[in-house]
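>>> curious how this folds, go ahead:
(chains A and B)
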Amino acid sequence: MTWLTWRQHRADAVMLALLIACLGVGVILLLALYAPRFPGMAEFCTGGPAETTSCTSVDPQVNATLWALIDEGGLLLPVLVGTFVGAATVARELENPAHVLAWTQGISRREWFRRRVLLLSLGGVAAAALCAAAMQGWFAAQRGAGASIWQGFDIAPPVLVAYTLFALCLGTAAGAALKRTTPAVLLTLVVYIAVRVTIALLARPRYLPPVTATFSAVHSEAVLAVPPGDWPVGPTVCVDATGRAAGFAGAGFCTLPPPAPVLGGNHYPISAIAQVQPETRFWLFQGIEAVIFVVLALALLALAHRLVMRVR
Amino acid sequence: MTAAIRASHLSKRYRATWALRDCDLEVPEGRITALVGPNGAGKSTLLKLAMGLLSPSSGELEVLGRSPLSDPAAVLAHVGLMAENRPLYPYFTVADILRLGRELNHTWDDAAARARLRRHGIPLDRQVRRLSSGQQAQVSLSLALGKRPRLLLLDEPAAALDPLARRELMSELVGTVAADGVSVVLASHLIADVERVCDHLVILGQGRVQLAGGIDELMEQHRILVGPPSEATRVAAGAAVISARHAERESALLVRGASPSLPSGWRTEAVGLEDLVLAYLANPARGGGVESSPVAAEEAS
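Down below sits the predicted model:
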């Protein structure tokens, strides 16, 4: 069964390996190219002069493009696993009469399904882990350059592995339900994106009640923002010392009006009161989201199993 | 005699149409059973039910004494199927197919399967999609035989085979049955093949068993009564008529059971297998034969 599963999915395996290799090589090249040119990049950005804008802008456009490419490479992996591997693994058997070949040999259909899904899951987890490792190399450099840890939430190892398992099981269930590869691929794509977006936008900020944090500054800067480790999830209120609204409040930052006349020789203080998920909760949230997707994956797997056993 | 396949009140319905309806059937062990019937008679459905690829709508089915649904591993391990459209993975090489057989079967005779393919001149390194349909049939059969089944189900095995390959296949089947005591069910349209190798016959028509039994016994039970048409109705009234043909000078009645006392000018002839099968296929309402009312099925010729 191991050989058969490999033989039927080796093209997918090669494709995924290529994707991961590209990510890995990309990350290594980037780090190698950029590190020598900016030896003290991390210190330069976090502790350096106020012109923080120059930090990530090693070459702003190139950097942004590469960031997007590598980020999307990581986001793409579960989708590829779900559509190419998951949606095809049962549907391709059912859509031509090939299941009559596989299901009339000496092992039962139940065993065929279980061994196959186990092997594919192991492959998917390995691919996701490798991919996540490459992403972490990349993301570490980005964090060094001042990025918030929360920006890398979707490409951190726990959730990337869970997303991949979820996509694989979703594809398998879609293939077993629709019995045709192309519609199963489309259904997998639509449901995967819908579930990911829904959970990321609606559920993730609410895994734990946010903490109200107050950040004060003397009104001499143009922008007052929450520290990059915190994730602003609710409205931010900007007030001056008297408690009156001051400036323009965005998500996690205040844009301040030009400094008022000096009062008593000092700038008057300004406070941003923000609803945030603090940096310390990052790995807890990773765990919660990973568990959600693994549970969804198991439910879909049970569904797929039922559907496969019901093809009579 | 133990049964390789035993069905009682077996029915299978696809939405509005019945593929099999209330079939009672026994396929004996260690014999070659022919399963004949027109297209859509339910032959493939019966074989798929026996493999657990389909589940019956009602009724019972036992294959080698086990249920294909509740005990699939026990049935699958001992039953080989050559399915109707030769399902094979087109991008697999022949060697890949053999490896699949080895991996998915607990009992697998690799040497025999390889030798068989070599004998038919099929290159192991060629992709299945590049083989002729006759060669694909041979690969499919080699896969079914390779697991050393106790029961071999063949769905139209001779389709796509040339006459020589067909004859070889038939004698190979006889040899396999004789050597290993394998039971074979051969679904076929080709009555000549059936006549050459089978010793048991099941005729399916409109989803029901029309006739079943040992071929020799069936030939003994049936005869053709030939005589002048003027007396045909009287003769028919006293016999279980399966089919009747009336020409200007002669009527021929295919009857089952003892022949009645015949008026002068009438004689009894032995029936050929092909005539017997065609008579039952042409008159599916005669299912169960003797029990139904002995009214001649009038059919001008």
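
>>> centre-most residue in the chain?
Since no chain was named, I'll use chain A. residue A:154 (1.3 Å; CA atoms, centre = their mean).

>>> if you could check chain B rather than the one you did, that'd help
Geometric middle of chain B (CA atoms, centre = their mean) lands on residue B:35, at 1.5 Å.

>>> model confidence for residue B:219, exactly?
Reading off the confidence values, residue B:219 has pLDDT 89.

>>> what number of residues lie near the closest residue to chain A within the stretch 201-301 of chain B?
Closest residue of the stretch 201-301 of chain B to chain A, CB to the nearest CB: residue B:207 (17.5 Å). Where you see a C-beta, it was placed from the backbone N, CA and C, and this is true even at glycine. By the criterion of other CB atoms under 10 Å in any protein chain shown, residue B:207 has 24 neighbours.

>>> pLDDT on stretch B:85-103, on average?
93.

>>> next one: it, is it in contact with chain A?
Yes: for stretch B:85-103 and chain A, the contact criterion (CB under 8 Å from any CB of the partner chain) is met by B:85, B:87, B:88, B:89, B:92, B:96, B:99, B:100, B:101, B:103.

>>> SS state for the first one?
Same thing as residue B:85. coil (DSSP: H, G, I helix; E, B strand; the rest coil).

>>> and the nearest residue to it once chain neighbours are set aside, what does it touch?
Nearest in space to residue B:85, with sequence neighbours left out and distances taken as CB to CB, 6 or more residues apart in numbering or on different chains, is residue A:97 at 5.8 Å. Residue A:97 sits next to B:83, B:85, B:87 when contact means CB atoms under 8 Å, 6 or more residues apart in numbering or on different chains.

>>> report pLDDT for the nearest residue to residue A:207 once chain neighbours are set aside.
Spatially, and ignoring its direct neighbours in sequence, residue A:207 is nearest to residue A:288 (4.8 Å; CB to CB, 6+ apart). At residue A:288, the pLDDT value in this model is 97.

>>> assign a three-state SS to residue A:288, would you?
helix.

>>> closest to residue B:174 among the residues of stretch B:85-103 next to chain A?
Nearest to residue B:174 among these: residue B:101, at 23.3 Å, using CB to CB.

>>> could you list the low-pLDDT ranges of the stretch 201-312 of chain A?
A:218-222, A:257-268 (pLDDT under 70).

>>> which stretches of it form helices?
Assigned by DSSP state H, counting those that start in this stretch, the stretch 201-312 of chain A shows helices spanning A:282-310.

>>> how about the residues of it near chain B?
Checking the stretch 201-312 of chain A against chain B by CB under 8 Å from any CB, the hits are residue A:312.

>>> which ones are touching residue A:79?
Counting by CB under 8 Å, 6+ apart, residue A:79 has contacts A:167, A:189, A:192.

>>> next to chain B, which bits of the stretch 51-200 of chain A? Give me the list.
With CB under 8 Å from any CB as the criterion, the stretch 51-200 of chain A meets chain B at residues A:96-112.

>>> now the strands for chain B?
With strands called from DSSP state E, chain B shows them at B:3-14, B:17-28, B:32-36, B:58-63, B:79-82, B:151-155, B:183-187, B:200-205, B:208-214, B:222-227, B:240-246, B:251-256, B:267-270.

>>> could I get the ones you listed as JSON lines with mean pLDDT?
Shown next, in JSON lines, are those (pLDDT from 0 to 100):
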{"stretch": "strand B:3-14", "mean pLDDT": "92"}
{"stretch": "strand B:17-28", "mean pLDDT": "91"}
{"stretch": "strand B:32-36", "mean pLDDT": "93"}
{"stretch": "strand B:58-63", "mean pLDDT": "94"}
{"stretch": "strand B:79-82", "mean pLDDT": "93"}
{"stretch": "strand B:151-155", "mean pLDDT": "93"}
{"stretch": "strand B:183-187", "mean pLDDT": "93"}
{"stretch": "strand B:200-205", "mean pLDDT": "92"}
{"stretch": "strand B:208-214", "mean pLDDT": "90"}
{"stretch": "strand B:222-227", "mean pLDDT": "90"}
{"stretch": "strand B:240-246", "mean pLDDT": "87"}
{"stretch": "strand B:251-256", "mean pLDDT": "89"}
{"stretch": "strand B:267-270", "mean pLDDT": "88"}
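
>>> pipe these into a markdown table and attach distance to residue B:43 per row.
Below are the strands of chain B laid out as a markdown table (distance: least, CB to CB, whole Å):
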| stretch | distance to residue B:43 |
| --- | --- |
| strand B:3-14 | 12 |
| strand B:17-28 | 10 |
| strand B:32-36 | 5 |
| strand B:58-63 | 15 |
| strand B:79-82 | 13 |
| strand B:151-155 | 7 |
| strand B:183-187 | 4 |
| strand B:200-205 | 6 |
| strand B:208-214 | 11 |
| strand B:222-227 | 22 |
| strand B:240-246 | 21 |
| strand B:251-256 | 23 |
| strand B:267-270 | 27 |
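
>>> could you point out which of those sits nearest residue A:14?
strand B:79-82 (32.9 Å).

>>> return the distance of that closest one from the chain's centre.
14 Å (CA atoms, centre = their mean, to the nearest Å).

>>> swap in stretch A:112-132?
With CA atoms, centre = their mean, you get 19 Å for stretch A:112-132.

>>> and that stretch, what's buried?
A:112-113, A:116-117, A:119-121, A:123-125, A:127-128, A:130-132 (16 or more other CB atoms under 10 Å in any protein chain shown).

>>> and what of stretch B:30-50?
Per 16+ other CB under 10 Å, stretch B:30-50 contains these buried residues: B:30-37, B:41-50.

>>> of these, list those near chain A.
residue B:48.

>>> return the residues in contact with the residue of the stretch 151-300 of chain B found nearest chain A.
When scored by CB to the nearest CB, the stretch 151-300 of chain B has residue B:153 as its residue closest to chain A, at 8.9 Å. If a contact means CB under 8 Å, 6+ apart, then residue B:153 has B:47, B:50, B:51, B:79, B:80, B:81, B:82, B:144, B:184, B:185, B:187 as its contacts.

>>> mind splitting the chain into its structural domains?
All of this refers to chain A. Annotated domains of chain A cover A:2-206+A:284-310, A:211-281 [automatic domain parsing].

>>> chain B, not that one
Split by automatic domain parsing, chain B gives B:3-206, B:218-291.

>>> now the shortest one, how far from the centre of its chain.
Right, the one you point to is domain B:218-291. For domain B:218-291, the distance to the chain centre is 24 Å (CA atoms, centre = their mean).

>>> go on, stretch B:115-131?
28 Å.

>>> just stretch B:109-119 next, same as before
Distance of stretch B:109-119 from the chain centroid (CA atoms, centre = their mean) equals 26 Å.

>>> shouldn't residue A:296 be in contact with residue A:166?
Yes: shown here, residue A:296 and residue A:166 form a contact pair, counting by CB atoms under 8 Å, at 5.4 Å.
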